[in-house]
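[1] test case, fold it:
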Amino acid sequence: MEDLFNSLSTYGYIILFLYSFGGGFFALIAAGALSYMGKMDITTSIIVAMSANYLGDMMLFYMARYNKNFIKPYMKNHRRKFALSHVLIKRYGNWVVFIQKYIYGVKTLVPIAFGISKYSFVKFGILNAPASLLWALFFGLMSFYGGEQIINAFGYIKQNPIIMPFILLTFASIIWWYFSYATKKRS
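    Numbers count the residues shown, from 1 in each chain. Predicted structure coming up:
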């Protein structure tokens, strides 16, 4: 995490753009904390992250719609997650465009699932814009106003490095449990 903070303060907005393009929010949280420290600008960080996230989702939708041969190998490895994405789309409709940005592991699959379906590219783009804005505002402002807590937590982890594997293991376990539960075959 320290490397991420150092890299963000040096190459900030480029790293933030590339990381947010893939749907990641850790760089936005780091940018918010750096903005709190005065090393980056929170408004610029939110705009960069929102733009990258919007473009990344639109690219995934476009590739799924018009370049299915590129997506097919990826779909084979994640059949159950795609099934979960389709269930979410059927259950929540247009709201999935907003919800998917906060669910780790599905945020890249939902635009692909929309692209494979007959969903309108224009409609997805129109819904994706405010969804990307809300996503960037939520994580950007949360980390900006919680900057002191993030810095203190980072300092605590730096002093007690043994705690980091437990945090990662807990995070991975929660994600594994969620996907096991959500994609479980039901009779």
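
[2] now for the host helix or strand of residue 165, which elements pack on it?
    If you go by DSSP states H and E, residue 165 is part of helix 163-182. Counting contacts by 3 or more C-beta pairs under 8 Å, 6 or more residues apart in numbering; DSSP states H and E, helix 163-182 is packed against helix 79-92, helix 147-159. For glycine as for every other residue, the C-beta is placed from the backbone atoms N, C-alpha and C.

[3] buried ones in the shortest one, by neighbour count?
    For helix 147-159, the buried set under the neighbour-count rule, 16 or more other C-beta atoms under 10 Å, comprises 147, 150, 154.

[4] look up how far residue 31 lies from the first one.
    It stands for residue 147. 10 Å (C-beta to C-beta, to the nearest Å).

[5] between the helices and strands packed on helix 163-182, which gets nearest to residue 18?
    In terms of C-beta to C-beta, the element of the helices and strands packed on helix 163-182 nearest to residue 18 is helix 147-159, at 21.2 Å.

[6] list the contacts of residue 85.
    Counting by C-beta atoms under 8 Å, 6 or more residues apart in numbering, residue 85 makes contact with 96, 100, 106, 109-110, 112-113.

[7] any idea which of those is least confident?
    Taking the contacts of residue 85 together, the minimum pLDDT is found at residue 106 (74).

[8] that one reaches residue 84, doesn't it?
    Yes. Counting by C-beta atoms under 8 Å, residue 106 does reach residue 84; the two are 6.5 Å apart.

[9] and the host helix or strand of residue 53, what does it pack against?
    Assessed by DSSP H and E, residue 53 sits inside helix 42-66. Packing contacts for helix 42-66, counted by 3+ C-beta pairs under 8 Å, 6+ apart, involve helix 2-21, helix 26-37, helix 68-77, helix 109-116, helix 121-145.
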